[in-house]
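**Student:** sequence? don't have it. structure:
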C-alpha cells in the first residue's frame, strides 16, 4: 500500500487535511513510448525540437555537481493540455513530460507529423 493511501485511511475518518495532487486525466506515457507504439517514425530529438518551437515543452536547468548545469524537459503551461510533468525515473530532481495517450495524435498533427513519413535527426 502506498504511503498516500495509508495516510488517506488514517486522515479521512478524522477530518484531517490531505495534500492535494493533480489527478491524471487519462493514460499517459513518455514520448519515446508513444512514438513507437503509435507508429510514428519521428526521432525523439526532432519531436522535442518541434515541441519546444511550438511552446509545448521548455528546457529547464538545475545545478549539477558533476556537470555544472543539467538540462531536462518540462511542459509549459500551454503544454499541460497534452500531458503532465512527472518525476524523472533517472533523477528525482528533474521532471519527465508524460503525454496523454488520447491526445498524442492531435499533438502530432499540430506538429505536422504523419505516421507515413520518417523524420530523423540528431539535433539537441
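**Tutor:** Here it is on my side, so go on. Since the model is a prediction, treat every value here as computed from it, not as a measurement.

**Student:** can you give me the strands in this protein?
**Tutor:** Counting by DSSP state E, one finds strands in the chain at the ranges 28-29, 41-42, 57-64, 68-75, 83-87, 95-100, 118-119.

**Student:** partners of the first one in the sheet?
**Tutor:** Read that as strand 28-29. If you go by DSSP bridges, strand 28-29 pairs up with strand 95-100 (antiparallel).

**Student:** ok, back up a step: out of the strands of the chain, nearest to residue 9?
**Tutor:** strand 83-87 (23.9 Å; CB to CB). (C-beta placed from N, C-alpha, C; glycine too.)

**Student:** which parts of the closest one are buried?
**Tutor:** Going by neighbour count (16 or more other CB atoms under 10 Å), the buried part of strand 83-87 is 83-85.

**Student:** equivalent analysis for stretch 90-102, please.
**Tutor:** Applying 16+ other CB under 10 Å to stretch 90-102 flags 94-101 as buried.

**Student:** so what pairs up with the spatially most central residue of the chain in the strands?
**Tutor:** In the chain, the residue lying closest to the centroid (CA atoms, centre = their mean) is residue 97, at 1.3 Å. Applying DSSP bridges to residue 97 gives these bridge partners: residue 85.

**Student:** is it true that residue 85 touches residue 94?
**Tutor:** No - Residue 85 is not in contact with residue 94 according to CB atoms under 8 Å; the separation is 9.7 Å.

**Student:** so where's this protein uncertain?
**Tutor:** 1-8, 17-25, 117-124 (pLDDT under 70).

**Student:** give the residue farthest from the middle of it.
**Tutor:** Outermost in the chain, CA atoms, centre = their mean: residue 14 at 35.4 Å.
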